[in-house]
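Chemist: here's my sequence, what's the structure:
(2 chains)
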Amino acid sequence: MNRVMVRTVVIPAALAVVVGGSWWLLSPGDPGLGIVDVLLFMFAAAVMELLPINLRDGRGVPTSLAVVGAAAILGEAPHVVAAIAGGGCALAWLVDRRGGVVTTLRHRALVGWALSGMAAIGAALGPATWQGVTEAGAAAELNAGAAVAVGVAIIVGIPMLEVLTRLDIVGRYWFRRMIETVHENGLVGASVTSTAVLGALVHPVLGHWTLATMLVPLLAARVGLERLGLGRRAYDQTIRAMSRLPEQLGSVSSGHGVRVAALAREVALELGLDAATVADAVRASHLHEMGRIQLERDAPAGQRELARAGASVIREVADLDRVATIVELHGRGPVEGSDPDTVSARIVAACCELDRYAPDPAKPDQRHEVVIRLLRHVQDIDVVAALTRVIDRVGVEAP
Amino acid sequence: MAGHRGLTGYVASTALVALAAVAWSLPHVDARQAAIVCVAVLTAEVFASTFREEVTASLSSIVALVAIIIGGPQLAIVGALGALPVFLVRASDRRVLRASFNSGQYAISAGAGGGAYLLITTTTGAAFPDLVTLLAVLAAAVTHCVVNHALVAGVIAVSTPDRFRDTFHTIGPSLAMQVPYAGIAILTVVVVERASWWALALMAVPALTARYGLLAFHELDRATDTMVRSFVKAIEIKDLYTRGHSERVAALSVHVAEEMQIPYEQRRLTRYAALLHDVGKIGVPLCIINKPGPLDDDEFAQMKLHPTIGAEILRDIDFLEPAIDIVRYHHERLDGRGYPHGVGSEDLTPVVRIVTAVDAFDAMTSTRSYRRALTVDAALAELHRCTTSQFDPDVVAALETCVRRLGWEPTVEFASEAELGGAEVPESRAGESAALQADERARATETRYPLGPVDEPRGRG
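Modeler: So this is what the prediction gives:
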């Protein structure tokens, strides 16, 4: 059994079983859902499974967690919650067959199982059931301890676990990535959690109609966040397309900007730079040859003039001051300094040099030559070491 | 004058009916509840967001539905008064008239929705949250929406040449929104009546997330807009002759698209594509772009590649994907004799035809290194002459309407390099081909093929 298998399957499964198993010890054994409700929850989970919230990098946050979380807060047994989550996932797969159903199904079932256990632990530790004040009819009620526990699991626990299962990609700075992931998913997590709590709260009043109403605000949140995700993608793609402008002049190989940006992103992550700096380093990598547009009319320029002209073009046309600074710095030859912009500039310079050189890292002699060449070019052993690790991990695409 | 009287009469009638409804409702409502609903409506209107030119999202109709469930139509009618201060402040002109109508139609719509709810619940004797009452909330939402649209369509029909049904038929998307509105209203009432006010915070989280997402999207949308414009600036760094051309083509194309009633989303894409239609010129050597004299065959062959290069540059931008044909085909002709692909009318969508015609019009009405600008009348005459073979007659007609309405003038604000260098710019000649003028660098063909298609030379001029 290899390490990836242990990390992605065995540990999460063991955690889920241990946490979920606590339900049998701690739950009062008074489930709130009948068979019709369970089927309705499963159907709602399937619908929401088809409507994830897509943030950056194409990773969708499943909104079906709201349905599963509500079932967990209502005190359902782990196997029932896991069945709701897994059944919803399977039903959704019948409609949209993209992606690996087995992996997703396993993930959802484990999460459902664990959420139920978390709810039981929260209910045991937290205060007794809170009951709403009402003049007539059934009152809304909520187990606050279970709600808090499920909220913590959805907002913090699940994103953190997902980072841990991607340690080979995330690298040494896994704790920073965890914090960034929790921060990035915070709004979605809060919306999903509040929807789950709301559902559990109003279920005693609305019964079968709970799901049809409780999910409306979450769907509104999805519309807003989906729009935001689309906007981010459009912005990034526009910058990526701008990298093709200097390539059309013929003096830069096709796809150079995109390849440098891909390498720079990995190196920046490897060096533990924060998310904003990584984003700007990627943008600078896309745009680092923009100076060629301005200098085409003049005599051939050196790297320094090219970078300065590029920074000037970026400041003039795109209003991206930090990106312009990184582009300007990357052409100055070896620059000293440990501030994020200077480090980013060295990353861009190293990745650009590597892409121009187009080595075959599988050949030891070329690898040695690459390292010497990069060290001479950027004079930053950390950047070069990170770049070689990236080469080892992802390889280098020849131009 | 008669129209003005009709508008005043319509607004006065609406306001009077609303006033009567308020007067009838006041004795029947709980003062505390009425104050809360008024404040909620006021807050909803203050935080109403205009997300694009046709859509303003306000939660006041949800507040009206909640008021209907809690206190019947009377509470909803009185609650509509909460919007009055916002309407008074927001109106740019004829404040009293606008605020009277808007508040009046809010109250009448709320009353109608409340009436529908009351009718169903009293007839069946159902109590909230029975299934019948939940359906009654939906009926109230639909009634509220229909009456609201009818009153607005009425005031537009009275004050503008637009017909009632032309405005009323836009009700579709609003009707679809009534299902989620009813859902949120039901949830709110259950939370408030059966739990506690604090539990509304649970609903506020996703609602605020939605608002945050949409507002942040609009910030990003503006940033993307800037980035798209930066493409144009990047081209203009290289190509001094066409400075301002892309912006003018984009602006006029949107006007023409509006005139032709092209849907909003397509108009938005048309603007972007029109801005970027010449982006491929970045791949044409500078010596050709800025060459003062006629282009030879090789040079023109390179120039003809710019639509393809442009489409290639933009291929990774998902949101522009539907508009890339505009970039790719903006030098094509209806008769299939354009370039670089030689496709015919069946491949040229209405928005492609719009940008093609506007591009030609702006090229003709702009001063170039090889000739001065044509007058607007001369350019329009040339476009009309080339309809059916090159340009869509409907597009040219819409373009003429827009140009006349906007008082379009030939562009003299930018100088060509020839002018900058002190060289004399020749006068335009009557009867030059619009198609050839349309291509800024087709001055070579302008002299060689003055009236015909690019693939049928008629000899040197």
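Chemist: every contact and neighbour count from this point should use C-alpha atoms.
Modeler: OK.
Chemist: give the next helix or strand downstream of the helix or strand encompassing B:Ile69.
Modeler: Taking DSSP states H and E as the criterion, B:Ile69 maps to helix B:60-79. With elements assigned by DSSP H and E, the helix or strand that comes after helix B:60-79 is helix B:84-90.
Chemist: list the buried residues of the following helix or strand past that next one.
Modeler: Moving toward the C-terminus from helix B:84-90, the next helix or strand (DSSP H and E) is helix B:95-124. Neighbour-count burial for helix B:95-124, with 16 or more other CA atoms under 10 Å in any protein chain shown as criterion, is recorded at B:97-118, B:120-121.
Chemist: and helix B:95-124, what does it pack onto?
Modeler: helix B:2-25, helix B:60-79, helix B:84-90, helix B:131-159 (3 or more CA pairs under 8 Å, 6 or more residues apart in numbering or on different chains; DSSP states H and E).
Chemist: got the angle for it vs helix B:131-159?
Modeler: Angle, helix B:95-124 to helix B:131-159, by axes from the mean of the first three to the mean of the last three CA atoms, to 10 degrees: 150 degrees.
Chemist: and helix B:95-124 with helix B:60-79, angle?
Modeler: 90 degrees.
Chemist: next one: helix B:95-124 to chain centre, how far?
Modeler: 30 Å (CA atoms, centre = their mean, to the nearest Å).
Chemist: relative to helix B:2-25, how tilted is that helix?
Modeler: Counting by the same axes, to 10 degrees, helix B:95-124 lies at 50 degrees to helix B:2-25.
Chemist: pull the contacting residues for A:Gly257.
Modeler: Contact partners of A:Gly257, counting by CA atoms under 8 Å, 6 or more residues apart in numbering or on different chains, are A:240, A:243-244, A:285-289.
Chemist: er, B:Thr14 actually
Modeler: Contacts of B:Thr14 by CA under 8 Å, 6+ apart are B:101, B:104-105.
Chemist: rebuild those as TSV, extending it with pLDDT.
Modeler: Output for the contacts of B:Thr14, formatted as TSV (pLDDT from 0 to 100):
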residue	pLDDT
B:Phe101	89
B:Gly104	92
B:Gln105	91
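Chemist: name the element the closest residue to chain B within the stretch 201-350 of chain A belongs to?
Modeler: Nearest residue of the stretch 201-350 of chain A to chain B: A:Ala221, at 3.8 Å (CA to the nearest CA). Using DSSP H and E, A:Ala221 maps to helix A:210-242.
Chemist: show the pLDDT at the residue nearest in space to the middle of chain B.
Modeler: With distances taken as CA atoms, centre = their mean, B:Tyr264 lies nearest the centre of chain B, 4.2 Å away. B:Tyr264 carries a pLDDT value of 77.
Chemist: summarise which helices and strands the following helix or strand past the helix holding A:Ala221 is packed against.
Modeler: Following helix A:210-242 in sequence order, the next helix or strand is helix A:244-247 (DSSP H and E). Packing partners of helix A:244-247 (3+ CA pairs under 8 Å, 6+ apart): helix A:291-295.
Chemist: what does the stretch 1-150 of chain B put close to chain A?
Modeler: The stretch 1-150 of chain B has residues B:Pro129 near chain A, with proximity defined as CA under 8 Å from any CA of the partner chain.
Chemist: quick one on the thing from earlier: roughly how far apart are the residue nearest to the centre of chain B and chain A?
Modeler: In this view, B:Tyr264 and chain A are 17 Å apart by CA to the nearest CA, to the nearest Å.
Chemist: report the separation between that residue and B:Val395.
Modeler: 17 Å (CA to CA, to the nearest Å).
Chemist: hang on, the earlier thing: residues contacting the helix holding B:Ile69, please?
Modeler: The contact list for helix B:60-79 (CA under 8 Å, 6+ apart) reads B:21-22, B:24-26, B:28-29, B:33-35, B:37-38, B:40-41, B:44-45, B:80, B:106-108, B:110-115, B:117-118, B:128, B:137, B:140-141, B:181-182, B:184-186, B:188-189.
Chemist: CA atoms of that helix as CSV?
Modeler: What follows is helix B:60-79, C-alpha atoms only, in CSV (Å, rounded to 0.1, in the frame of the first residue of the first chain):
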residue,chain,number,x,y,z
SER,B,60,-38.8,44.5,-1.2
SER,B,61,-41.1,42.1,-3.0
ILE,B,62,-40.0,39.4,-0.5
VAL,B,63,-40.8,41.8,2.4
ALA,B,64,-44.2,42.4,0.8
LEU,B,65,-44.8,38.6,0.7
VAL,B,66,-43.7,38.2,4.4
ALA,B,67,-46.1,41.0,5.3
ILE,B,68,-48.9,39.4,3.4
ILE,B,69,-48.5,36.1,5.3
ILE,B,70,-48.1,37.8,8.7
GLY,B,71,-50.6,40.6,8.5
GLY,B,72,-52.6,40.2,5.3
PRO,B,73,-52.8,42.6,2.4
GLN,B,74,-53.4,45.6,4.7
LEU,B,75,-49.9,45.2,6.3
ALA,B,76,-48.3,44.8,2.9
ILE,B,77,-50.1,48.0,1.6
VAL,B,78,-49.0,50.1,4.5
GLY,B,79,-45.5,48.7,4.4
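Chemist: now do that helix: distance to the chain's middle.
Modeler: Averaged C-alpha coordinates place helix B:60-79 at 33 Å from its chain's average position (CA atoms, centre = their mean).
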